[in-house]
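Enquirer: Any chance you could fold what I've pasted below:
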Amino acid sequence: MSSTRSCKTARGRKASAETWIAGIDIGGTFTDLTLWQEGAGRIYSEKVLTTPSDPSEGTLRGFRSLLDKACVSAENVKAVVHATTVATNAVIERKGPRIGLITTSGFRDVLELGTGLRYDIYDLYIAYPEPLVPRARRFEVGGRIDPKGNEVAPLAVQDIEQAVNQFKGMDVRSVAICLLHSYANPRHEQEAARVIERICPGLSLSLSSRVASEAREYERTVTTAVDAYVKPLVENYLDRLSRELRKKGFRGGLFIMLSHGGIARAEDAAKVFPVRMIESGPAAGVLAAGALGRLARRTNLLSFDMGGTTAKLCLIRDGEPAMAHEFEVARVHRFKRGSGYPLRVPAIELIEIGAGGGSTARVDRLGLLKVGPESAGAEPGPACYGRGGEHPTVTDANLLLGYLDPVYFLGGDMPLDADAARRAITKHCAAPLGVSAEQAAAGIYSVVCENMADAARVHIAEQGEDPRRFVLMAFGGAGPLHACALARKLRIREVICPTGAGVISSLGQLTAPPAFDLVRTIYGSLDSLDWSALRSLRDEMAGEAGKYLKFAGVQPKQMVFSCAADMRCKGQGYDIRVPLPVGVLGPARVPLIRRNFWNEYKRLYGRSVAEVELEIVNLRLTARGPRPALRLDWQNQDRRQPGGKAGLVGKRRMFVQEAGGFRQASVYSRYHLEAGAKHQGPALVEERESTVVIGGRSWFETDSQGNLLIHLES
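Expert: Have a look, this model is predicted:
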């Protein structure tokens, strides 16, 4: 995009005295960017194709284009907040460096033994991901700490030295140190690290007592190994990105979105906890949904983010997303829980399925139409992109169904080839099924919506909720295209599509507070817990978390701390997270803590048995800075002629699901809709980065915040 056109868009305004914040989200198909002015709230957006071979290339291209569009100098950008898939892709694609593992004698094979559970009891050929550290690079060392933190046997320093000498001949670049019960006493791990740094100072180290300081040996070892695996790559990527941004004149701070929805300085994210960068992109979208929901006075939401590769769904209750303390990455069966690496790091609890605009469609050997989880991604992309893709995708189907304008895709910057889409669908789907291309396209649309609805039902049921109590917040490039159909399947009656829905994940990074989560194991019965030890541990954790917030520029008086405990019934192997009351923690708080546990237990499982003894397993502490005050004044403009009466652009033939066939639908420009004016479906509402499909038996309006509110009738 030329700077001349951009400055015209910005009406010639120069930003010498203004400060801006940029959000960048790298997805599997597109990289989304937003630029937000503090105070005034003016916001610009950009969307460019992701460059899988080097994600920073697309990022920097989009950043330059975004600055040109807003007529803003890079020197006036105070901060860049970034969500990246570098860590995730490294683990999935096994493109990380050679790493080694140092563990306690007798625990060399923990990575292969796992938990002993089968994620599919009927699969005779069940497979698990290969350990990131092969057995030849796993070394045992003498020494032992017991579960209470007492030293049973001193660390065998000579074993550490021998292991390091072996690593030198194996071209190992990073080492995971995971010694037994180090969560109770990290002294042996710290001593091992000092020995390694003395012998081989250039080696990257990950200590389990820093990465995942909690019980469960297999999960802790896996998490530490993944951290060691991604650490060199993340450090190199962020260092390169920072240098390139500096070359463009950027002088502000570079921050990274973490999986739990907070942000941290890039140097802290890279050196201290790179494993927490995994799943940062989906977290940003959920944060945006929560922030926009609060502005729209809807606090119970089902966040629905559908991009080019996947769809992500998350429940938001009372304005806050559900949180988890474990999630999986690099699954052998992508959507089967238990088939991947379990990471013990805090994360927003969401479900991700292989249903995106680039998800490919095919007819299987039984003659059934299947969609996903494979994706065409950014290269070559859907057939209609004209970049060499030959297989039909969801985007190709949406084009044939009339939902997308081939001339106006990405505001006209990326025209679509409808003939290529028709050829691909005809060859791979319509001809094998003996139907027309349009009928096959309608089938693809229906199948992908049903796949997402099935996943949503399971996710919502696991949270103990009823979807009818929630409003669907739809965003992502493909989300608004499928939102109404998904809502009907879930019996949800209201859908919200925010302005700039196609780039909302990058906006979410601008709403994220600086935040840091810590966990420590402290085991005991609720009725006989050592409360002074718990309070000391809490204060120690608060000091450590506060240090990272201070590095991110948060003043002590702005820091907010909250605590929770992982609790369970005595004899159970799984725990649930229970918030702890504010103030002094001691025996007097036991009745309240017990009540909180049983309330959460009943919400999840439908019943409670209050006479059972309770145990505390872990203490969790969250430290957060202030949320940015969100005010949005979107500056994106429609490049076509302004819409006619009430934003009406024209008419287009589109497939209406409720009618089972094609009908004439009104087409509206999102940029010219009048707030409060009501319109009937079927209709299409277009903006540069996305299109909203509104079926029959529905009406819509725009609220004062610019959100499109869609009301579905029975």
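
Enquirer: What separation do you get for Gln555 and Asp517?
Expert: Distance of Gln555 to Asp517, given as Cβ to Cβ, to the nearest Å: 20 Å. Yep, even glycine has a C-beta here, placed from its N, CA and C like the rest.

Enquirer: So for those two, which sits in the more crowded spot?
Expert: The residue with more neighbours, out of Gln555 and Asp517, is Asp517; 24 against 10, by other Cβ atoms under 10 Å.

Enquirer: what about that one, which SS state?
Expert: Following DSSP: H, G, I helix; E, B strand; the rest coil, the label given to Asp517 is strand.

Enquirer: again with the one 10 residues further on
Expert: For Asp527, the assignment made with three-state DSSP gives helix.

Enquirer: I'd assumed Ala83 was in contact with Trp255.
Expert: Residue 255: Phe, not Trp. No - using Cβ atoms under 8 Å, Phe255 makes no contact with Ala83, being 10.2 Å away.

Enquirer: Between these two, tell me which one has more neighbours.
Expert: Shown here are Phe255 and Ala83; by other Cβ under 10 Å, Ala83 has more neighbours (28 against 24).

Enquirer: pLDDT at that one, what is it?
Expert: Note on Ala83: pLDDT of 86.

Enquirer: now the one 3 residues further on
Expert: At Val86 the predicted local confidence, pLDDT, stands at 77.

Enquirer: Grab the nearest non-local neighbour of it.
Expert: Setting aside the residues directly before and after it, Val86 is nearest to Tyr237 in space (Cβ to Cβ, 6 or more residues apart in numbering), at 4.8 Å.

Enquirer: Okay, and that neighbour sits in which element?
Expert: When elements are assigned from DSSP states H and E, Tyr237 belongs to helix 217-247.

Enquirer: Contact partners for Trp598?
Expert: 608, 610 (Cβ atoms under 8 Å, 6 or more residues apart in numbering).

Enquirer: Next, it: secondary structure please.
Expert: helix.

Enquirer: Break this structure down into its domains, please.
Expert: 3-90+236-277, 93-227, 515-624, 633-712 (automatic domain parsing).

Enquirer: first to last residue in the last one, what's the distance?
Expert: From the first residue to the last, domain 633-712 extends over 28 Å; the measure is Cα to Cα, to the nearest Å.

Enquirer: Please shift the residue numbers so they start at 315 in all later answers.
Expert: Will do, 315 is the new start, and the previous item becomes domain 947-1026.

Enquirer: Assess the claim that Leu786 and Ile810 are in contact.
Expert: Yes - using Cβ under 8 Å, Leu786 is in contact with Ile810, at 7.1 Å.

Enquirer: Please enumerate the shared neighbours of the two.
Expert: In contact with both Leu786 and Ile810: Leu615, using Cβ under 8 Å, 6+ apart.

Enquirer: and Gly703, what element?
Expert: Applying DSSP H and E, one finds Gly703 in no helix or strand.

Enquirer: wouldn't it be in contact with Gly691 here?
Expert: No - judged on Cβ under 8 Å, Gly703 makes no contact with Gly691 at a distance of 9.3 Å.

Enquirer: Who has more neighbours out of those two?
Expert: More crowded of Gly703 and Gly691, by other Cβ under 10 Å: Gly703, with 24 against 21.

Enquirer: OK, contacts around the residue lying closest to the more buried one once chain neighbours are set aside?
Expert: Nearest non-adjacent residue to Gly703, counting by Cβ to Cβ, 6+ apart: Pro694, 4.0 Å away. Taking Cβ under 8 Å, 6+ apart, we find Pro694 in contact with 701-704.

Enquirer: do you know how far Pro694 is from Glu640?
Expert: On the measure of Cβ to Cβ, Pro694 and Glu640 end up 36 Å apart.

Enquirer: buried stuff in the one helix or strand Glu854 maps to?
Expert: Using DSSP H and E, Glu854 falls within helix 845-865. For helix 845-865, burial by neighbour count (16 or more other Cβ atoms under 10 Å) applies to 845, 848, 851-852, 855-856, 859-860, 862-863.

Enquirer: okay, that helix in CSV with CA atoms only?
Expert: In CSV, the C-alpha atoms belonging to helix 845-865 read as follows (Å, rounded to 0.1, in the frame of the first residue of the first chain):
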residue,chain,number,x,y,z
TRP,A,845,-0.9,-22.0,57.2
SER,A,846,2.2,-20.1,58.1
ALA,A,847,4.2,-22.0,55.5
LEU,A,848,1.4,-21.3,52.9
ARG,A,849,1.5,-17.6,53.7
SER,A,850,5.3,-17.5,53.4
LEU,A,851,5.1,-19.3,50.1
ARG,A,852,2.5,-16.8,48.9
ASP,A,853,4.7,-13.8,49.8
GLU,A,854,7.7,-15.3,48.1
MET,A,855,5.7,-15.9,44.9
ALA,A,856,4.2,-12.4,45.1
GLY,A,857,7.8,-11.0,45.3
GLU,A,858,8.9,-12.9,42.2
ALA,A,859,5.8,-12.1,40.1
GLY,A,860,6.0,-8.5,41.1
LYS,A,861,9.6,-8.3,39.9
TYR,A,862,8.5,-9.3,36.3
LEU,A,863,5.6,-6.8,36.4
LYS,A,864,8.1,-4.1,37.5
PHE,A,865,10.3,-5.0,34.5
